[in-house]
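K.L.:
No letters, just coordinates:
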């Protein structure tokens, strides 16, 4: 809304209703402030298994970056994978563009100032112990929109998305056809961990 300093906002609308209970309900003002900042910077961690004693980033951990209406599928996939002994953290991407721009800006600053340490939001979402953890990205848009995330940390990435158009069917049929639903997420996580 600010003509001088404002930015263009691109909103993706969906006809799929999402349970708002999925959004974290926090009581402490400091937690609410941090969550708000994370949302406005492009993403936040929704499911985080770091405190589980069986959590071993080099063996049984994957980070799922899910955008928009794919978040419930990522959560369900994560819960099912947990029963197999796999920890699939879910990071909600509120803006692929902001995550990408933050990474690019920090990279340029590092190039111009060798030896300096500039951090960006994506770095804060993925702690150092998880930087080499495989990544699965999923959105109901083109897969390339999130595919950069793995290269940020130099790790294996499986991007899921809709890369062609023209099919008709129910939502579940289309999610299966385009390999973006819960089943595809589970298969991608298994593949990422095995490789």
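P.N.:
Okay, I see it. It should be emphasised that the depicted structure is a prediction, and the values quoted were computed from it without experimental measurement.
K.L.:
Span of stretch 111-121 from start to end?
P.N.:
By CA to CA, to the nearest Å, the extent of stretch 111-121 from end to end equals 18 Å.
K.L.:
which residues are contacting that stretch?
P.N.:
Contact with stretch 111-121 is made by 38, 41, 42, 43, 98, 99, 102, 103, 105, 106, 109, 110, as judged by CB atoms under 8 Å, 6 or more residues apart in numbering. C-betas here are computed from N, CA, C, even on glycine.
K.L.:
Just give me the closest of these to residue 147.
P.N.:
Nearest to residue 147, judged by CB to CB, of those is residue 99 at 11.9 Å.
K.L.:
Please, which helix or strand holds the closest one?
P.N.:
Assigned by DSSP states H and E, residue 99 belongs to helix 96-112.
K.L.:
pLDDT averaged over that helix - what is it?
P.N.:
Confidence for helix 96-112, expressed as mean pLDDT, is 91.
K.L.:
tell me how far that helix is from the chain's mean position?
P.N.:
Taking CA atoms, centre = their mean, to the nearest Å, one finds helix 96-112 lying 17 Å from the centre of the chain it belongs to.
K.L.:
May I see the buried residues of whichever helix or strand comes after that helix?
P.N.:
Counting by DSSP H and E, the next helix or strand C-terminal to helix 96-112 is helix 121-125. For helix 121-125, a neighbour-count test (16 or more other CB atoms under 10 Å) marks 121, 122, 123, 125 as buried.
K.L.:
which non-adjacent residue is nearest residue 66?
P.N.:
Sequence neighbours aside, residue 74 is the residue nearest to residue 66 in space, at 3.6 Å (criterion: CB to CB, 6 or more residues apart in numbering).
K.L.:
Output the below-cut-off pLDDT ranges for the chain.
P.N.:
For the chain, applying pLDDT under 70 flags the ranges 1-2, 7-15.
K.L.:
partner residues bridging the residue nearest the centre of the chain?
P.N.:
Compute the mean C-alpha point of the chain, and by CA atoms, centre = their mean the closest residue is residue 65, 1.7 Å away. Here residue 65 sits in beta bridges with residue 91, residue 137, going by DSSP bridges.
K.L.:
if I look at it, how far off is residue 172?
P.N.:
Plainly put, residue 65 is 22 Å away from residue 172 if you go by CB to CB, to the nearest Å.
K.L.:
same thing with residue 95?
P.N.:
Distance, residue 95 to residue 172, by CB to CB: 27 Å.
K.L.:
Would you mind telling me which of the two has the busier surroundings?
P.N.:
Using other CB atoms under 10 Å as the criterion, residue 95 and residue 172 rank with residue 95 on top: 18 against 11.
K.L.:
Could you tell me how far that one is located from residue 40?
P.N.:
Using CB to CB, we find residue 95 at a distance of 8 Å from residue 40.
K.L.:
Residue 129 now?
P.N.:
Applying CB to CB to residue 129 and residue 40 gives a distance of 26 Å.
K.L.:
Fine by me, thanks again.
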